[in-house]
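> Okay, predicted coordinates and the sequence, questions at the end:
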Amino acid sequence: MRRPGFVLGAITGAALMYLLDPAFGRRRRAVARDKVRHVRREAAANAEKSGRDLGNRARGFLAELGGLFRSDEAGDEVIAERVRARLGQVCSHPHAVETRVSGGSVHVGGNILGAEHARVIAALRVVRGVRSLSDELQVHAAATSVPELQGGERRPS
């Protein structure tokens, strides 16, 4: 019957022979030291990155929360930029959609793919400052007949 102490002693002895070897021990110790330093640097960098990310998320959350309780009297230009930014997030061809804003009323026109139409309209209705949305989009089942709808990149749903 073997004892755990024997196995642990054998492993410790092998590790010491590996690291204290007169021919290659110095190199092996240096490699091990460099790996430990690298792991510590990576851990510190990841901790800093995670802290920065958490701080940014907290600031964003507080800004969103504060926005719920503020009456937002944004101008038409600001609302138009918000609509264009949201459009770029939910539409694969935002350049094909024309937007006009007048007194908080948003009018959208141009061409859009049928698979994206409902998602785009739903996303634009909830943009901060939009009072009403007029949908004048021409819906196309496929992009083959409309050059401005060809190419582009799919947006996550």
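That came through, no problem. Residues are numbered from 1 along each chain as shown.

> Buried residues in the host helix or strand of Val83, which are they?
Using DSSP states H and E, Val83 falls within helix 76-90. For helix 76-90, a neighbour-count test (16 or more other Cβ atoms under 10 Å) marks Ile79, Ala80, Arg82, Val83, Arg86, Leu87, Val90 as buried. C-beta here means a position set from N, CA and C on the backbone, and glycine is covered the same way.

> Quick one: those residues as JSON lines, columns for distance to Pro147 and pLDDT too.
Formatted as JSON lines, those follow (distance: Cβ to Cβ, whole Å; pLDDT from 0 to 100):
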{"residue": "Ile79", "distance to Pro147": "29", "pLDDT": "92"}
{"residue": "Ala80", "distance to Pro147": "25", "pLDDT": "94"}
{"residue": "Arg82", "distance to Pro147": "28", "pLDDT": "93"}
{"residue": "Val83", "distance to Pro147": "24", "pLDDT": "94"}
{"residue": "Arg86", "distance to Pro147": "24", "pLDDT": "95"}
{"residue": "Leu87", "distance to Pro147": "19", "pLDDT": "94"}
{"residue": "Val90", "distance to Pro147": "22", "pLDDT": "92"}
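
> Mind putting those into JSON lines with distance to Phe6?
JSON lines is the format used below for the buried residues of helix 76-90 (distance: Cβ to Cβ, whole Å):
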{"residue": "Ile79", "distance to Phe6": "77"}
{"residue": "Ala80", "distance to Phe6": "77"}
{"residue": "Arg82", "distance to Phe6": "71"}
{"residue": "Val83", "distance to Phe6": "74"}
{"residue": "Arg86", "distance to Phe6": "68"}
{"residue": "Leu87", "distance to Phe6": "70"}
{"residue": "Val90", "distance to Phe6": "65"}
